[in-house]
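*Asks:* Next come a sequence and a model predicted from it.
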Amino acid sequence: MRQKISSATASACLSSGTETLIQQALAASHARRIAINPSFLDDEKLPEAERVAVLQEVFHRNIRMRHLERLAKFLAPVVTGLLPPNLLIYGPSGTGKSVTCLHFLSSLSGMCTERGVPFRYCYVDLTTPRSCFGAFNELAIALDGSVRRYRKGIALEQMQEMIVSGLARDSGFVCVLIDEADNLTSDADIFLTFLAKTLPKRVPVRLFYVFLTNRLEWEKNLDPRILSVLKKQDMIFEPYDAMDLLEILRLRVEKALDTHRVEEAAIRKIAAYASRETGDARKAVELLVKAVKVAEESSGRLTETEVDVAEHSLEVDKTEELIRSLAPQQRLALQACYTGIGKHKSKISTGTAFECYRQVCEGAGMRPLTQRRFSDIVSFMDLYGLVNALVTSKGRYGKTRELSSSLPRQVIERMLDGRFEDQHTLLH
DNA sequence: ATTCCACCGGAAGGGGCGGGCC
DNA sequence: GGCCCGCCCCTTCCGGTGGAAT
């Protein structure tokens, strides 16, 4: 019915002048536009020079000053020709570890050039988990400055030779910044031994390393011999507090948005949300972007209301994304749990949920997993907050986990309607 | 105090698969 | 390109458990 009407209006529009409609839509969206310069909301889209300029400005606003001071204390000897210690920097994601270090190293490099001290730095990004081979690959690419990737299947020794020969012609100081160093999945020891022992002996340059990690316990899993060779200094980056986040957000707002349409209270609220959660600056900017989008689609002003709406919809987006990324069996299990919870109007036991799951599997034409495995999946979903699973004892009637809902109603409805299914089947 | 339920969750082992290595 | 190792997913088995019922 609804479809009929909409197709009827559509054909009417076509005949009566689609162009007018498009113009109207454009004018309306223009009138509500807040993001004048949206690329400033996404660092990835900025050209290198602009990105550096934005960073300069961030650091001019007394953000991360203490950390810059400490970095300077450790690394400044380079300018006078002394080899600084290696650094290990801890801090949760989104606390600006990489950004601060890159900014600092770029300034340091500038000073060294002025004073005629040969210095360069390179950035090894292990954000996506890498094996030992992958790490060598990244390092080789970072050192020789090319974009090519070395072919898989080369022996590790050969990779090491390439790295050595890449540095053989160099002289002066080289700083290697290794981001997310804890992401080495296998044989981290081989990689680090090479960095700490082999490489410095075999190349004429004077090497020092800065490792970044967000796991405090990383160091404990390492071979103590490597640690002693590294002779490193430790530093900690705390999460941003609300005031820092507010400064960062204000800068973005000034650069990217129409400030007349943005209320200060809204920005404060975003900063408060983000600092209450993890103090992650990326998340704060993400929320700002969403709020701007919400505002542009509705009132055309960014106020606290838009921030609340954006916060909620971001939450929904995240859980829906999580559900979409589940393996088929996990998704069936999740569906079964919510079918069961819906049917019984209350908490259900693992046994009941498993029964539902068997039926759902039958409906979907899939072989059900064992109850043991199902139980593991429930634990997993509990861990990720997709269901609440509380272990309770019902005395003589056994011990079980009570499953209850933990998702917003609209997400459950969409899931049970099978609306996530479509995209999944399209993918396959 | 003891029994007993209904499941928890650890351990071990098999099969499949992808990535590292040559 | 092909081999092989290690990892992941899954099953099977089984001892463990908190508290209502007896």
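*Replies:* Sure, I can see it.

*Asks:* so who does residue A:380 touch?
*Replies:* residue A:330 (CB atoms under 8 Å, 6 or more residues apart in numbering). Every C-beta, even on glycine, is put in place using the N, C-alpha and C of the backbone.

*Asks:* Recalculate using a threshold of 10 Å.
*Replies:* The contact partners of residue A:380, by CB atoms under 10 Å, 6 or more residues apart in numbering, come to A:326, A:327, A:330, A:333, A:334, A:386, A:387, A:389.

*Asks:* Tell me the most packed of these, by neighbour count.
*Replies:* Tallying neighbours with other CB atoms under 10 Å puts residue A:333 at the head of those, with 30 neighbours.

*Asks:* who are the neighbours in contact with that one?
*Replies:* A:326-327, A:353-354, A:356-357, A:360-361, A:368-369, A:373-378, A:380-381, A:386-387.

*Asks:* Pull out the buried members of these.
*Replies:* Neighbour counting by 16 or more other CB atoms under 10 Å classes A:326, A:353-354, A:356-357, A:360-361, A:368-369, A:374-375, A:377-378, A:380-381, A:386-387 among the contacts of residue A:333 as buried.

*Asks:* Among these, which are located in helices?
*Replies:* Counting by DSSP state H, these place A:353, A:354, A:356, A:357, A:360, A:361, A:374, A:375, A:377, A:378, A:380, A:381 in helices.

*Asks:* Which single one of the residues you listed is nearest to residue A:316?
*Replies:* residue A:381 (17.2 Å; CB to CB).

*Asks:* With DNA strand B as the reference, measure out to the closest one.
*Replies:* Per CB to the nearest atom of the strand, to the nearest Å, residue A:381 is found 12 Å from DNA strand B.

*Asks:* what does residue A:401 give?
*Replies:* Counting by CB to the nearest atom of the strand, the gap from residue A:401 to DNA strand B is 4 Å.

*Asks:* ok so, going back, among the contacts of residue A:333, which are in reach of DNA strand C?
*Replies:* Checking those against DNA strand C by CB under 7 Å from any atom of the strand, the ones in range are A:327, A:369, A:373, A:376.

*Asks:* DNA strand B contacts on the stretch 301-428 of chain A?
*Replies:* A:349-352, A:371-372, A:375, A:378-379, A:391, A:395-401.

*Asks:* If you tally nearby residues, what's the number for the residue of chain A found nearest DNA strand C?
*Replies:* Residue of chain A nearest DNA strand C, by CB to the nearest atom of the strand: residue A:395 (1.6 Å). Neighbours of residue A:395 under the rule other CB under 10 Å: 6.

*Asks:* Tell me, what's the model's pLDDT at it?
*Replies:* For residue A:395, the model assigns a pLDDT of 85.

*Asks:* The one 4 residues further on too?
*Replies:* Model confidence at residue A:399, given as pLDDT, is 89.

*Asks:* Dig out what it forms beta bridges with.
*Replies:* residue A:393 (DSSP bridges).

*Asks:* wait, doesn't it sit right on residue A:391?
*Replies:* Yes: with contact defined as CB atoms under 10 Å, residue A:399 and residue A:391 form a contacting pair (7.0 Å).

*Asks:* Show me the strands in chain A, by range?
*Replies:* In chain A, the segments counted as strands under DSSP state E are A:86-90, A:119-125, A:173-179, A:206-213, A:232-236, A:348-349, A:387-393, A:399-405.

*Asks:* Distance to residue A:108 added to the ones you listed, as TSV?
*Replies:* Shown next, in TSV, are the strands of chain A (distance: least, CB to CB, whole Å):
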stretch	distance to residue A:108
strand A:86-90	13
strand A:119-125	7
strand A:173-179	8
strand A:206-213	11
strand A:232-236	16
strand A:348-349	60
strand A:387-393	50
strand A:399-405	53
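
*Asks:* Now do the buried residues in stretch A:33-47.
*Replies:* A:33, A:34, A:35, A:40, A:41, A:46.

*Asks:* How about stretch A:267-275?
*Replies:* Applying 16+ other CB under 10 Å to stretch A:267-275 flags A:267, A:268, A:269, A:270, A:271, A:273, A:274, A:275 as buried.

*Asks:* Ok, stretch A:305-320 next?
*Replies:* A:305, A:306, A:307, A:309, A:310, A:311, A:314, A:319, A:320.

*Asks:* residues touching the third one, list them.
*Replies:* The neighbourhood of residue A:307, defined by CB under 10 Å, 6+ apart, consists of A:263, A:265-270, A:272-273, A:287-288, A:290-292, A:294-295.

*Asks:* and if you look at the first one?
*Replies:* By CB under 10 Å, 6+ apart, residue A:305 lies in contact with A:263, A:266, A:269, A:291, A:294, A:295, A:298, A:299.

*Asks:* where are the low-confidence patches of chain A?
*Replies:* In the predicted model of chain A, residues A:1-16, A:45, A:128-131, A:145-156, A:185-188, A:221, A:419-428 satisfy pLDDT under 70.

*Asks:* Walk me through the domains of it.
*Replies:* Chain A breaks down into these domains under automatic domain parsing: A:1-31, A:38-43+A:241-315, A:64-236, A:320-427.

*Asks:* Columns distance to residue A:58 on top of those domains, output as a markdown table?
*Replies:* Compiled in a markdown table, these are given as follows (distance: least, CB to CB, whole Å):
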| stretch | distance to residue A:58 |
| --- | --- |
| domain A:1-31 | 30 |
| domain A:38-43+A:241-315 | 6 |
| domain A:64-236 | 8 |
| domain A:320-427 | 29 |
